[in-house]
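A.B. asks: Please work out how this folds:
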Amino acid sequence: MKKVFLSLIVLATMFACNAPEKKADAATSEDMEGGSYVSLDDKTAKVKQLIEAYMKNDTSAAHDLYADTLVSYDGFVNNVDSLDKLIDSPGGRAEFINADMYTHTLFSDITMSLKPGDLKTFTGNNGQVATGYWGLWKGKGKYTNAETKVPLHMILWWKGDKVVQIYRMFDPATLKAEVAASQKK
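C.D. replies: Numbering: from 1, shown residues only. Model (predicted):
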C-alpha cells in the first residue's frame with residue numbers, strides 16, 4: 001500500500017511540474033511580438049562579414065546582402081516628417097552603399113566594435129527576421145583631425161536571404177562637422 005501511495009505522489013508531482021510549461025508555451029505562441037534570438041547563425045555571420053568589409057572600404061558584401069530595393073532609415077534629429085515618421089533615404093541599395101562609402105572619404109581608421117553581444121539575429125513568432133547591431137563606430141576625421149566615437153544601433157530586416165530594410169540610429173554631429181570641414185576652401 002505504501003508503494004502505491006508513494007507512486008501516486010511521484011506521479012502527481014510530475015504532472016504538476018508539467019502544467020506551468022504548457023501555460024508558458026501557450027503564452028509564447030500568442031505573443032506575436034515575441035520570438036527568439038541567436039548569435040551563431042548564418043544571418044548574423046553575414047552581417048559580421050558586411051561590417052568587416054565596410055571597415056576595409058569593400059562594398060562586395062553590401063552588394064551581395066542588400067536587396068536592390070533596400071529601404072533605409074537613419075534615426076537622428078530632424079529626420080522625421082510632419083506625421084512624426086522617420087524619413088527613408090531615396091535611391092535603394094546603390095545610394096545607401098555610396099553614402100556609406102562616402103564616410104571613408106571623410107574619415108580614416110574606421111572601425112566598428114564586434115564584441116560578443118554586439119550582433120544578434122531575432123526570429124519573431126510572426127515570422128519576421130531581423131539582425132541587430134549595438135556597437136561603437138570609430139574614425140579619425142580627415143579634415144578636422146578629430147577622433148570620434150559614435151554609438152551605432154542598426155536593425156537589418158530580412159526577406160529570405162536579402163536585407164530589404166535597414167534602420168540605423170546614431171548621433172550625426174561628428175559626421176556633419178566633418179562634411180562641413182570638407183567644404184571649406
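
A.B. asks: shaky segments in this protein?
C.D. replies: Counting by pLDDT under 70, the chain has low-confidence residues at 1-29, 77, 185.

A.B. asks: Setting aside sequence neighbours, what's the nearest residue to residue 141?
C.D. replies: Among residues not flanking residue 141 along the chain, residue 178 sits closest, at 4.7 Å (Cβ to Cβ, 6 or more residues apart in numbering). Any C-beta I mention is one placed from the backbone N, CA and C, and that applies to glycine too.

A.B. asks: how much space between the one you found and residue 72?
C.D. replies: Per Cβ to Cβ, to the nearest Å, residue 178 is found 20 Å from residue 72.

A.B. asks: how about the helices in this protein?
C.D. replies: All helices of the chain, identified by DSSP state H, fall at 2-30, 42-55, 60-65, 92-106, 173-183.

A.B. asks: Can you give me the buried ones in stretch 125-132?
C.D. replies: Within stretch 125-132, the residues scored as buried using 16 or more other Cβ atoms under 10 Å are 129-132.

A.B. asks: closest to residue 101 among those residues?
C.D. replies: Of all those, residue 131 has the smallest distance to residue 101: 20.9 Å, by Cβ to Cβ.

A.B. asks: How about residue 148, nearest residue that isn't a chain neighbour?
C.D. replies: Of all residues not flanking residue 148 in the chain, residue 174 sits nearest, at 4.1 Å (Cβ to Cβ, 6+ apart).
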